Every structure is written in C-alpha cells, then in structure tokens.
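K.L.:
show me the folded form of this:
(chains A and B)
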Amino acid sequence: MERSRLIRTMESILGPEGVIHEREQLRTYECDGLMNYRVIPDLVVLPESAEQVQKVVRVCHEEGIPFVARGSGTGLSGGALPVEKGILIVLSRMRRILEVDLENERVVVEPGVINLWVTQAVSDEGYFYAPDPSSQLVSSIGGNCSENSGGVHCLKYGFTTNHVTGAEVVLPDGEMVHLGGGKAPDEPGYDLLGAFVGSEGTLGIATKITLRVVRQPEAIRTLIAAFEDTEKAGGAVSGIIGSGCVPAGIEMMDSLCLEAVEAAVHPNYPECGALLLVELDGPEAEVESQFEQVKRICEENGSSEIRVARDDEERALFWKGRKAAFAAMGRISNDYYVQDGVIPRTELPEVLKKISDLSSEYGLRVANVFHAGDGNLHPLVLYDGEEQAGRAEELAGEIIRVCLEHGGSLSGEHGIGEDKKKYMPEMFTAEDLDVMQLLRCAFDPHHLCNPGKVFPTPRLCGERPGPFRMHPLQEAGLAEMF
Amino acid sequence: MQTRDLSLEQLQNVVGGEHAREATRQDAVDGVVPSFVARPGSVEEISELMRLASGAGAAVVPRGAGTKMHLGNPPHRAEVIVDMTRMDRVLEHAAADQVLRVQAGVKLDELQEELAASKQMLAIDPPEHGATIGGVVAANASGPLRLRYGTIRDLIIGIRVVLSDGTVAKAGGKVVKNVAGYDLSKLFTGSLGTLGVIAEANFRLHPIPEVARTVTVAVEDAGGAAGAARAVARSQIVPSAVELLWDGDRREISVLLESIPGGIGAKVETARFLLRPFGEVREEEGRVLPEMEPAEVELKVNAPPAELSGVIESVTGAAERRGLWVSLRGHAASGVTFAAVSGGGEEDISDLIAELREIRSRRGGSVVLTRATVGLKRRAEVWGYAGDAFELMRRVKEKFDPPGTMSPGRFVGGI
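P.N.:
All right, here's what the predicted structure looks like:
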C-alpha cells in the first residue's frame, strides 16, 4: 500500500491524533532502552482499545506490513526496535486497570499499565504484585509480559510468567484469542499462555492481561553486609541458600559498582570490596529466626560489617542504591554496555574471576551488580566513546560465552531481542531453534509480528526442521526472510 | 503381527530384543489395543523409534508408569506404546544450585526420596503413587502444594523432547532464571503426549520445610467451607495447602502449615484462630490431608477460587436432582475441585456435566471428565469447550506433528 494511503487508512482507524508520520516525530521511537540499534519506523500508531489494535493488525496482515508492539520502551535488548517499512504499535495509551478482584487475588489490566501501578492499586488492601524489575516505575505490564521480566523478588516469588494467568491476545492475522484461564486455573488445552509470555512480542499483541497478586508479608527484614571481595560475599550467598531459607531477594554489588552508586545516590554503604543486600519476608516468627541465621552466616563468611534496616525509610535507602546502580554508572564512565547472563549460583566465584581477567585483557572496566540468589549477572562494561564501543560489545560477548560454558544462559531477564540473537546458536542447536520456529509459524505464518528478533536465521514457515535448506520461493527470489 | 509397515523386529532392532514386545489387552488405551510396546533406553532410541513409527504411518502413545492413561479422549489410533520406564536416571542433581535434570521415566516418589537426602524436594505432590516425572509433566498433574509453589509448569525450567519425525530438541536450561528462546517446556506441560515424547526435564527445587502440622476445621455448609478457605488463604500465614473434603457428613477444610521449628507455633495459633468461627478445629502432627481415592467417574471442576461455595452447591445439587452421589475433594484456595460420581447411568452423568459446564461457561472455568468409561467419555466429551484459542492449538499441533503420529485424538477437540 502506498504510504499516503496507509496513513489515511490508519487515521480512519485511530483518528489523526493516533497516527504519527512526520519523520522528526518518528525519530522519538527509533529505539528502546538499548540505544545501540536505531531504526525509524514507517509509521507509529497509538491505539486506545483492543478493537483498534485488531484493526491495525488486520491491515498489516492484509497488506503484508511488518509490525512491532511496544510499551514504555524500557527494554534492554532491542526487543521493541522498530522495523524499517513497518508499523510501530505503541500501547502506552492503553493504561487502564480494568478490574481489581481480590476475592480471587487477580487484577485485570491493559498492556500499557505501569508495573508499579498494579501494586499501588492493591496495596491498601494488603496485596502486592510480585515481579518487580528495576524499571518498575516506568516499564509496562505488556512489555514485562513480552520479556518475562524478572526483578529482585523473583528468587522467592517467581517471574512474570508465574504471575500472568490470562491474556487477551490479538494474533498476527488480526484474530483475537483468550489464553489461559484468567481467574480460573487449569484451562484445558495447550499452555499457549506459558509460551506467549516471554516470546518477546513475536507471537501477537496482548491487549488485556490478568495478573495474580500476592498477600503482603507479615514481616520484612533487610540487611546489608560488607565483604572484602565478591568471593567471600558469594560464599555467604551459598551459605544462606544452603541453610534452607528462601530470601525474598539477595543482591550483590562489587566495589566499582559501589563507587558509582555512592557518588550518585549517597546510600552511605560501608566501604568494602563487595556488598550483599539480603531481604527476608514472611510470617514474623519465621523471618526473625531466619534473619538471625542469615546474620550468622554472613559473619561466618567474613563479613566486616552488617547493618540492619531499622525502619522502612532505611530499608528504602538500602534498596535505592541497588535500584539506581545502572543509572549511577554515568558517575564513573561516559558509557556502559549492560550484559545479562545467568549462571548456576555455585559457579559464581569462578565466573567472576574470569570476568575480571577479561576486563584486564580488554583494558575496560567491568562493574558487577547482580541478583546473586538466582545467578543472574549484570556485568556493566564501561567504555568511552565510539572507538571503545566495539571492544566493549566484544568483551560483553566473551562474558556471555563464559556464562554458557558454566552451564548458564544468554539472558535472565532482558531478553534476546535484536541484541543477542547472534549468540542463540551458541546456546541452542539448529534443531532446538527450528523447533522453536514451529511455534512461531503456528502463530505467525507470515513472519509479520516483530520480525527479525530472537532468532538468528528465521525459516520460512512450511519448511520442515532439519539441515538448512533454502526455501524454493526464496531461491527463486520470490520471497525474502526478515 | 504387522501394523501398516511396522514389524516387531524393526522395533527390536532399535531398542534391543528384550525391550520391545507385542502389546496385550493390559496395554490398551481406553479400549484401543496397540500392536507393540517399545521401551527405549536413550534419546537416540526414542528418535529412531519415532522415525520408524511415523514413517510407517503408525500412531504412537508415550507412557510412563501409566497412572494417567485414563485421562483424555480414547485415541483414534494407537499402534506403538513408547514406554519410558527404562529411562529412569537422575542425570544431574546440583544440590547447591537447587536444580535437577532427570530422564522422563524417573518415578516421582523415588526421586523425592533421593532429594530428601539433601533436604530438598520437587514441590509437587500429585495423588498418584508411582507416577513418572514425564507423565506428571505430560498430564500437568499437581497436588495440594500448588497453592504455595505453583504447578509443574511453574517449576519446570528446561525440557528435551523428541518430535514425531525424530527431531530432538531442547528448550530452557538448568538455571532458574532464563528468558532465552521460547518456553517450550510450558507448551509441553499438559500436552498429554500429543506434541512429542518428553525425554528429559529440568526443574527448580525447594528446601523441605523442617516441620509440618495440619489444622482442620469441620464446617457446617458450603458457605462455611468457602469462608474457612478464604480466611486462611488471605491471611499472612502462607499456608502450603488448603484442602476441601466433602463426603457425606464429613465436611472439612484442612490447612497444611509448614515452617521452621521456631515458626510453626505462631502459624498454627493464627490458623486455629481464623478457623474457629467456622466449626470445630483439630490439629495433627505432619501432613494429614484428605486423600483422593480413584473413583469410576471423576470430574475436575476448575473455577475462580472465590466461587468455592457455588461449586460445592452446584455440583452436589445437580447430582442430587439426578439421584447421583458425589464426593468432593479439592484444592480449595486454588479453585480446583474433584468430584467422584457414583450411581446413575451414563445419561444422568453426562447431563450433570452439561449442566455444570453451562454454569462455568457463564462464571469462568471449566469441567473436565478426568476418569470415566469409554462410553461416557464419548457421550459427554472429556475436555469440553477449549475456548477461542482452539484453532490456534490445532495449528500448533499441526506444526509439531504434521502426520498426526502423537496420541491422535486424546487431547482437546480431538487433537
């Protein structure tokens, strides 16, 4: 379809205020939270209802126009990066909390609703929404759902996928389906909701999402413990987990990270080589007893100082430092590249050692901040300017290989998106990836929905898995792959 | 004996002479007697079996210990049973990382015993004894603990499967936090052997709570059961399970409390306090939850948890009107109720199911016929309406298993 006609068509669906087509305005949407990749979309549309989303997608389907959905755009893997000649569907106008049903411990929201709003909507009545990515102030539930977002509470409470119980989804052909039981459990049929959450926007667009909310714990206790180095702090983490308690969160920051955080938000952390932040929650008696145990384990592992939050204010300050860690890097470096690898927790000391060796080898500093309890590392590769950017990315790539060598994963919470698809063959075989593509093809046979993300070499649907063969249509130059 | 182009000898060539045999009536799946049973010993052998079977146009039904073979529609065809019980090894138990990688044929009971040595458990407790882990995943079987830990789909972190054309693929991994690629382990959970053979699975583990007590309240009526369940579930004592027993005059809500020695007392006290308004409270050491006895006809009613009293009333009322007798067990705070139905003929029971489905179609949820005679299954439909995503499910099945080799017909809508 000619661009001007397409604009008119979209305007007839969304009204003129719901369509952005001026080049300068389109540039606002050229990337998400990962700014290494930029693509200006052909059009941006801002639907306000599921019906509008459906109509837009139908046009895309009929005209063969690729489309990408996006929420607040805080993703860190380029998952919501627009595609050229494609339409970007921005869902931030769909931000209503549709229903709060605490009898069933469920909240129904539109995709543009901000993560934190869900907790705010139920906190007066003693509930909270457990998945809490550090971006929870700004990131949207729809985006969280696409990326299966994590956060500090995941160790105990699980990830987004464990808290989404239903979704209304517009499929890539414009059909609308309801996945999962919503308020009722165990809906008969394939767990398509389980496959949809975390599919990085490649299987359809959620227009309504049902979330489980959790009773607030009776007691919360938070401490920070200072250690000489990350190895000793890692020992304490293993000790705590091994003692049979499941903390609500265990976070670790190394000295470089602490330096930046201190400069940025002044949490007045103790001076040390590595800091642990441990939070326990649950019934009062359990928390008290386990908290004593955690303190003892930190001491036994050589902690030089332990501070216990005396009140909510101090607890907030402890967390403020951790939550501000990424942004704080600006204090010590012009630029940084954040990696998101996962390793089995026990491999921590060796992996940190290798990261440190790589850092020396590449001559670039690496600050470490991570969810120590579940082995999710966020090495921040610090660099300065264009000239170092390539080397920083290379170093980050080496770090991911170390994670894989140690039995880990490419991504714990940020997703594969545009950024990491090239590493997928290092974690998965060609067969593994082909089988994943079968799912993609069932949902999106024409590869219009967020094409080119997650998979390094997408296949045309209709091909059978097996050694790579070029599709006859492609060979004849009649079809191309996104 | 010859099935299409498949012979016993071919199967024996793959798995070894002693591991393939002709099937007997005992191997029947809802009355459909297969031709062969093959017991592969490795992923490669499964792959080879699948290539052979699908190449010959033979249908394959995977089987673990067989404890869930009553679930699902009678298959359209079933020529080869792939019996997974030979693949019963724990491949990796990284105790300090609290993760586990096992072959599908591992028996859950035995696995739990082994994990207990490290004070760990896989936090699911389906009622069937002797079930294999592959079967538990394929049937999406959980138990009372789902309230605290979620179901098997919440605990599975990786999977290795074999598709009908022999393709071997994995998804996920052995770390708890992982978002690389599609989560096929969830797709295969509950797919009842219709997408491929589950060969291996990885799970996250939990520490075994040090002490357990059960507090039970004898309730008066359905409203009391719902009130008691809601009171504990919405409190801050974090019960591990809240279970319903509704059997003649025995009408109880049991609450499983688990903690450390220093924490259990306070939990029990709070639970007693919360339950007292609903009836007489008793307390027992350890886990004493109502067991589910297999019944001839069993329904699973899934509903929003707040509708417990409505579920009890509608099931017992609809049964009574038809002269049927029902006994209920269920995961009261999770929204799952099982009804054992006796008396009456197939017509009465299928009528009952139709009425309950009608209510659930308005109120949310579903009614599944989890155990029944073949006649009743055909009459009442096992799964009921599969929702507006059914067409999409059919497309998923078609992509993963184009020739329709895997358990044809057993799943929703005859998938």
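
K.L.:
how about the helices in the stretch 51-200 of chain B?
P.N.:
In the stretch 51-200 of chain B, the helices defined using DSSP state H, counting those that start in this stretch lie at B:108-116, B:133-139, B:146-149, B:152-155, B:184-188.

K.L.:
now do the stretch 351-482 of chain A
P.N.:
A:385-405, A:424-427, A:430-443, A:472-475.

K.L.:
quick one: least confident helix or strand in chain A?
P.N.:
Across the helices and strands of chain A, mean pLDDT, DSSP states H and E gives its lowest value to helix A:472-475, namely a mean of 58.

K.L.:
give the buried residues for the top helix by length along chain B.
P.N.:
Assignment by DSSP state H gives helix B:346-363 as the longest helix of chain B. Of the residues in helix B:346-363, B:346, B:348-353, B:355-357, B:359-360 count as buried by neighbour count, 16 or more other C-beta atoms under 10 Å in any protein chain shown. In short, each C-beta sits where N, CA and C put it, glycine included.

K.L.:
reformat those as a markdown table; add distance to residue A:184.
P.N.:
Shown next, in a markdown table, are the buried residues of helix B:346-363 (distance: C-beta to C-beta, whole Å):
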| residue | distance to residue A:184 |
| --- | --- |
| B:346 | 27 |
| B:348 | 25 |
| B:349 | 22 |
| B:350 | 22 |
| B:351 | 22 |
| B:352 | 19 |
| B:353 | 16 |
| B:355 | 17 |
| B:356 | 13 |
| B:357 | 13 |
| B:359 | 12 |
| B:360 | 8 |
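
K.L.:
now, which of the residues you listed sits nearest chain A?
P.N.:
Of all these, residue B:360 has the smallest distance to chain A: 7.8 Å, by C-beta to the nearest C-beta.

K.L.:
state the pLDDT value of the closest one.
P.N.:
The model reports residue B:360 with a pLDDT of 97.

K.L.:
ok, residue A:391 to residue A:334 distance?
P.N.:
Distance of residue A:391 to residue A:334, computed by C-beta to C-beta, to the nearest Å: 14 Å.

K.L.:
the helices of the stretch 51-200 of chain B: which one's closest to residue A:156?
P.N.:
Set against residue A:156 and scored by C-beta to C-beta, those come closest in helix B:146-149, at 10.9 Å.

K.L.:
may I see the buried residues of that closest one?
P.N.:
Buried residues in helix B:146-149 (16+ other C-beta under 10 Å): B:146-149.

K.L.:
now do stretch A:7-26
P.N.:
A:7, A:9-10, A:13-14, A:18-21, A:26.

K.L.:
before we move on, back to that, now the buried residues of helix B:146-149 in a markdown table, with distance to residue B:284 and pLDDT?
P.N.:
Below are the buried residues of helix B:146-149 laid out as a markdown table (distance: C-beta to C-beta, whole Å; pLDDT from 0 to 100):
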| residue | distance to residue B:284 | pLDDT |
| --- | --- | --- |
| B:146 | 21 | 98 |
| B:147 | 18 | 98 |
| B:148 | 19 | 97 |
| B:149 | 22 | 97 |
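
K.L.:
now the residue of the stretch 351-482 of chain A found nearest chain B: closest residue in space that isn't a chain neighbour?
P.N.:
Nearest residue of the stretch 351-482 of chain A to chain B, counting by C-beta to the nearest C-beta: residue A:435, 3.8 Å away. Nearest residue to residue A:435 in three dimensions, chain neighbours excluded: residue B:169, at 3.8 Å (C-beta to C-beta, 6 or more residues apart in numbering or on different chains).

K.L.:
give me the beta-bridge partners of the one you found?
P.N.:
Beta-bridge partners for residue B:169, by DSSP bridges, are residue B:161.

K.L.:
any idea how many residues pack against it?
P.N.:
23 (other C-beta atoms under 10 Å in any protein chain shown).

K.L.:
got any ranges where the stretch 351-482 of chain A has weak pLDDT?
P.N.:
Regions of the stretch 351-482 of chain A meeting the criterion pLDDT under 70 cover residues A:462-482.

K.L.:
interface residues of it facing chain B?
P.N.:
Contacts of the stretch 351-482 of chain A with chain B, taken as C-beta under 8 Å from any C-beta of the partner chain, map to A:371, A:374-376, A:407-416, A:420, A:424, A:427-429, A:431-436, A:438-443, A:454, A:464-466.

K.L.:
can you do 7 Å?
P.N.:
Applying C-beta under 7 Å from any C-beta of the partner chain, we find that the stretch 351-482 of chain A lies next to chain B at A:374-376, A:407-413, A:415-416, A:424, A:427-428, A:431-432, A:435-436, A:438-439, A:441-443, A:465.

K.L.:
any weak-confidence spans in the stretch 301-415 of chain B?
P.N.:
Along the stretch 301-415 of chain B, segments meeting pLDDT under 70 are nowhere present.

K.L.:
and it, which of its residues are near chain A?
P.N.:
B:302-306, B:334-336, B:364-366, B:368, B:383-384, B:386-390, B:392-393, B:395-396, B:399-400, B:412.

K.L.:
picking up where we left off before, between residue A:391 and residue A:334, who's got more neighbours?
P.N.:
Neighbour comparison, residue A:391 and residue A:334: the larger count goes to residue A:391, with 14 against 11 (by other C-beta under 10 Å).

K.L.:
next, count neighbours for residue A:183.
P.N.:
Counted with other C-beta under 10 Å, residues neighbouring residue A:183 total 26.

K.L.:
contact partners for the nearest residue to it once chain neighbours are set aside?
P.N.:
Excluding its sequence neighbours, the residue lying closest to residue A:183 (C-beta to C-beta, 6+ apart) is residue B:304, at 3.9 Å. Residues counted as contacts of residue B:304 (C-beta atoms under 7 Å, 6 or more residues apart in numbering or on different chains) are A:104, A:183-184, B:335, B:364-365.

K.L.:
ok, residue A:21 next?
P.N.:
Contact criterion C-beta under 7 Å, 6+ apart gives A:7, A:43 as the residues in contact with residue A:21.

K.L.:
same check on residue A:184?
P.N.:
Here residue A:184 is in contact with B:302-304, B:335, B:364-366 (criterion: C-beta under 7 Å, 6+ apart).

K.L.:
now it, what's its secondary structure?
P.N.:
Following DSSP: H, G, I helix; E, B strand; the rest coil, we place residue A:184 in the coil state.

K.L.:
the nearest residue to it once chain neighbours are set aside - how many residues pack around it?
P.N.:
Nearest residue to residue A:184, sequence neighbours excluded (C-beta to C-beta, 6+ apart): residue B:365, at 3.5 Å. Using other C-beta under 10 Å, residue B:365 has 26 other residues around it.
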